[in-house]
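Colleague: Here you go, sequence then predicted model.
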Amino acid sequence: MRSYCLKLILLSLGFQTFALDSAEDFDLESLMNIEVTSVSKSEESSFTAASAIYVITNEEIARKGALNLAEALRGTPGVQVSRRTNNTWEVSIRGFDNLYSNKLLVLIDGRSVYSPIFSGTYWEYTNYPVADIDRIEVIRGPGASVWGSNAVNGVINITTKSAKETKGGLAKLDYGEYNESYYLRYGEALDEEEKLNLRVYGQFQQNHEIEPGVSLKNTHEDDRWDHLQGGFRLDYDVTSKDTLSVSSDVYQSDFKQYNALVINNFYEDGDSTGYNLTLNHTRQFNSKEKWSTLFYYDYHNIEQDITLDSTVHSFNLESDYHFSPWDNHEVTLGAGVRSYRSKLKDDLGQLVFIPEDDTIVNYTLFIQDKITLQPDRWTLTLGSKFEKSDYTDYEYQPSARVAYTPNRKNTYWAAVSRAVRTPSRYEYGSDIFSGAAIGNSDVDSENVTTYELGHRILVNEKLSFDTTVFYNDYNDLVITEVNPGADIIVNDLSADSYGLELSSNYFVTPDWQLKLSYTYIDSDFDYKDGTGDTLPVEKVAAKNKASFYSFYSVTKDLKWDVMVYYQDSKNPSYNYDPQDGTPSFIKLDSRISWSPREDLEVYLVGQNLWDHSTRETLYYAETPRTFYLGLNYKF
């Protein structure tokens, strides 16, 4: 099989590319100049942005065969995606890879899905349908000066399609040995002038039992996962200057999950429910003046048969005013308030939170000035986010970014940023395993100072490169102080990391695109005597990661795509034997699609073709070789 897969890779090097309908629709320069908003909260070209940013388009998601957000991120420079079980993933940027990846902020249309309980993202419930995603903007490095605390190593900003872009119906079916997914969407204009547009959708996904890894503890049980979700988006062009968007999602999941906590290792049943409501209003006074307001409410409940039950209510209200008070200055002012109310209960008493019911309120103030030092050449962006948290009082998170674009083919940029991660409820007030780790009300925020240099070059109309080097200086990282009695959570760990991120696009022909990315990262942790990790985590990322995409339109109706991922070996964190780490692996995926009519697409996807199964993380199951058939039908 490996010999066959190697031949497939070599053959694909000679024949592949992106799903382009025609050279006139998308060329390399237009792809590099995609408008983004994640860097400064205002539209700007991704080519001239003074940040390490990578844009994943809806077309790329489809051609990769991704069925969920986590898999859509695989292969992005600087991003590490590791499948943990049949329904959980580890997603991190620039290291600190673990289940929740607490230094990464994830947003969906401005709504934060960062959990205040353990800090991080539950990817199994962050399950927005990939068919309705317009683009994913991935910022490597701090985004805290714009987005606030917890955007330490990066920001993933998911932007969904407008209701106007999704008129008509779409039925999507994916079926394989280990997974099945059914999706139905319908959208239409509700008025004759098409100012009021509505989209509704429903989705059911089921992941079947997968085989355990070679080093799993105890026995393996059926770990099937069922996820049912639905929602809507309503867009209203109130006036020529005012737009209003209202969206909501509701979901319910049933799962059996392997619990790999240090003291007990077992499978347990659980279910999760959640819903959210988002309102976004924008008033565009003119091309240089805009006012936007965002409100959302998010409810999330997880009930497990044996361990922790948790309920979280999140409320957020924020407003930004973008204007140009002087020539060559674009100023953005913002303010907001966010409230988390959570209730945590463990009937066994292993995970005790004090108090059981708690409310946290954060206040934010944001100011930024983008200064054009020389038109079409030099820009300087200065800004900071100021926050007041119930746990750590006042925080400041400034950044300075400069970009130089000497011509339409080159951009050089540099940045210095500071970001913080505020303590979670677990770190601030808890008792884990009867004293194995005690939360500390004096625990402070973790912080990092990051230095970055970058260069983008459009070599010619076919070839481009994007390179970033960085250095991170971390202080006050959270660790457990080991004592004769209870072990206290303290800010007693420091670290530094540095690395290189490289991506390249090459259009061999208008129908054949090659994409390559490579990431190198190294880090050093300064563990003090008498400290250690209580919960199982993996602070050490794989030093070398690479991906290769070949997207090839054989004919107008037939497409063949090949994706290759490589990850270096990854040793676990401080209190584990390095021999028990995750070995290096190659992951080979391929997708063949056929569109006999404009409204119909049929495709076959093969995943993990290099080996019969791959161990991607320290725990749980191995990712099996699998195939699935898919169908997209528009009506």
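Modeller: Received the coordinates, thanks. Residues are numbered from 1 along each chain as shown.
Colleague: tell me which element Leu631 falls in.
Modeller: Using DSSP states H and E, Leu631 sits within strand 626-634.
Colleague: And Leu279, by the same measure?
Modeller: strand 266-286.
Colleague: Return the set of buried residues in the following helix or strand past that strand.
Modeller: The helix or strand immediately downstream of strand 266-286 is strand 289-304, counting by DSSP H and E. By 16 or more other C-beta atoms under 10 Å, the buried positions in strand 289-304 come out as 290-298, 300-302, 304. The C-beta positions use only the backbone N, C-alpha and C, and glycine is treated the same way.
Colleague: now the strand holding Leu279 against strand 289-304, angle please.
Modeller: Put simply, strand 266-286 runs at 170 degrees to strand 289-304, going by axes from the mean of the first three to the mean of the last three C-alpha atoms, to 10 degrees.
Colleague: Leu516 and Tyr566, how far apart?
Modeller: 11 Å (C-beta to C-beta, to the nearest Å).
Colleague: Mind listing the shared neighbours of these two?
Modeller: The overlap between the contact sets of Leu516 and Tyr566 (C-beta atoms under 8 Å, 6 or more residues apart in numbering) consists of Ala546, Ser547.
Colleague: who touches His118 in this structure?
Modeller: For residue 118 the amino acid is Phe, not His. Phe118 touches Tyr100, Asn102, Ser424, Arg425, Tyr426, counting by C-beta under 8 Å, 6+ apart.
Colleague: Next, it: phi, psi?
Modeller: phi -110, psi 0 (degrees, to the nearest 10).
Colleague: the bottom helix or strand of this protein by mean pLDDT?
Modeller: helix 2-14 (a mean of 40; mean pLDDT, DSSP states H and E).
Colleague: Of the contacts of Phe118, which one scores lowest on pLDDT?
Modeller: Lowest pLDDT of these: Tyr100, 79.
Colleague: gap between that one and Asn150?
Modeller: 11 Å.
Colleague: Then Ala62?
Modeller: Taking C-beta to C-beta, one finds Ala62 at 30 Å from Asn150.
Colleague: average pLDDT across the strand holding Leu631?
Modeller: Averaging pLDDT residue by residue across strand 626-634 gives 95.
Colleague: on contacts alone, who are the packing partners of it?
Modeller: strand 168-176, strand 179-189, strand 600-607 (3 or more C-beta pairs under 8 Å, 6 or more residues apart in numbering; DSSP states H and E).
Colleague: in which helix or strand would I find Ser342?
Modeller: Once you assign secondary structure using DSSP H and E, Ser342 falls within strand 329-345.
Colleague: Okay, buried residues for that strand please.
Modeller: Buried residues in strand 329-345 (16+ other C-beta under 10 Å): Glu330, Val331, Thr332, Gly334, Gly336, Arg338, Tyr340, Arg341, Ser342, Leu344.
Colleague: That strand: partners in the sheet, and parallel or antiparallel?
Modeller: Each strand that pairs with strand 329-345, with its direction, by DSSP bridges: strand 309-323 (antiparallel), strand 357-374 (antiparallel).
Colleague: Which helix or strand lies directly C-terminal to the longest one?
Modeller: When you say that, I think you mean strand 357-374. Next along from strand 357-374, by DSSP H and E: strand 378-389.
Colleague: Mind listing the strands the helix or strand that comes right after that next one pairs with, and their directions?
Modeller: Under the assignment DSSP H and E, the closest C-terminal helix or strand after strand 378-389 is strand 393-407. Within its sheet, and counting by DSSP bridges, strand 393-407 is paired with strand 378-389 (antiparallel), strand 410-421 (antiparallel).
Colleague: Out of those, flag the one nearest Gly141.
Modeller: Evaluated over the strands paired with strand 393-407, closeness to Gly141 peaks at strand 410-421, with 6.6 Å, by C-beta to C-beta.
Colleague: Could you measure from Lys545 over to Leu609?
Modeller: 19 Å.
Colleague: Among these two, which residue is more densely surrounded?
Modeller: Lys545 (25 against 22; other C-beta atoms under 10 Å).
Colleague: Torsion angles phi and psi at the more buried one?
Modeller: Given degrees, to the nearest 10, the pair of backbone angles that Lys545 has is phi -140, psi 150.
Colleague: Low-confidence bits of this protein, can you list those?
Modeller: 1-27, 29, 31, 211-222, 258-266, 534-540, 571-580, 619-621 (pLDDT under 70).
Colleague: let's see it at 50
Modeller: 1-25, 215-218, 262-263, 574-579 (pLDDT under 50).
Colleague: For the residue nearest in space to the middle of it, which non-adjacent residue is spatially closest?
Modeller: The geometric centre of the chain, computed from its C-alpha atoms, lies nearest to Ile156 (C-alpha atoms, centre = their mean), at 4.3 Å. Using C-beta to C-beta, 6 or more residues apart in numbering and skipping residues adjacent in sequence, the residue nearest Ile156 is Val106, 4.7 Å away.
Colleague: Now do the strand holding Ser342: distance to the chain's middle.
Modeller: 19 Å (C-alpha atoms, centre = their mean, to the nearest Å).
Colleague: and the next element down the chain from it?
Modeller: Following strand 329-345 in sequence, per DSSP H and E, is strand 351-353.
Colleague: list the contacts for the closest residue to Ser292 other than its chain neighbours?
Modeller: In space, and not counting its chain neighbours, Ser292 is closest to Thr282: 4.5 Å by C-beta to C-beta, 6+ apart. Counting by C-beta under 8 Å, 6+ apart, Thr282 touches Asp242, Thr243, Lys290, Trp291, Ser292, Thr293.
Colleague: in the sheet, who's paired with the fifth one?
Modeller: Beta-bridge pairing of Ser292, defined through DSSP bridges, involves Thr282, Asp320.
Colleague: So between Tyr100 and Asn150, which is more surrounded?
Modeller: Asn150 (26 against 21).
Colleague: Is Leu502 in contact with Pro77, as I believe?
Modeller: Yes: applying C-beta atoms under 8 Å, one finds Leu502 in contact with Pro77, separated by 6.7 Å.
Colleague: joint contacts of these two?
Modeller: In contact with both Leu502 and Pro77: Asp466, Thr468, Ser517, Tyr518, Thr519, using C-beta under 8 Å, 6+ apart.
Colleague: Just give me the closest of these to Glu44.
Modeller: Using C-beta to C-beta, those come closest to Glu44 at Asp466, 15.6 Å.
Colleague: Reformat the shared contacts of Leu502 and Pro77 as a markdown table; add secondary structure and neighbour count.
Modeller: Formatted as a markdown table, the shared contacts of Leu502 and Pro77 follow (DSSP: H, G, I helix; E, B strand; the rest coil; neighbours: other C-beta atoms under 10 Å):
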| residue | secondary structure | neighbour count |
| --- | --- | --- |
| Asp466 | strand | 22 |
| Thr468 | strand | 25 |
| Ser517 | strand | 21 |
| Tyr518 | strand | 17 |
| Thr519 | strand | 27 |
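Colleague: quick one: contacts for Asn102?
Modeller: Asn102 touches Phe96, Phe118, Ser119, Gly120, Asn150, Arg421, Ser424, counting by C-beta under 8 Å, 6+ apart.
Colleague: Give me the distance between it and Ser115.
Modeller: Taking C-beta to C-beta, one finds Asn102 at 9 Å from Ser115.
Colleague: Can you pull the residues that touch both of these two?
Modeller: Ser424.
Colleague: coming back round to it: which one of the contacts of Phe118 is nearest to Thr311?
Modeller: Distances from Thr311 to the contacts of Phe118, taken by C-beta to C-beta, are shortest for Arg425, at 12.1 Å.
Colleague: That closest one: neighbour count?
Modeller: 24.
Colleague: sorry, back to before: next up, phi/psi of the residue nearest to the centre of the chain, please.
Modeller: phi -110, psi 110.
Colleague: my read: it touches Leu105, true?
Modeller: Yes: assessed by C-beta under 8 Å, Ile156 is found in contact with Leu105 at 7.4 Å.
Colleague: separation between Val482 and Ala436?
Modeller: 10 Å.
Colleague: Could you do Leu28 as well?
Modeller: 54 Å.
Colleague: Nice, that's everything, thank you.
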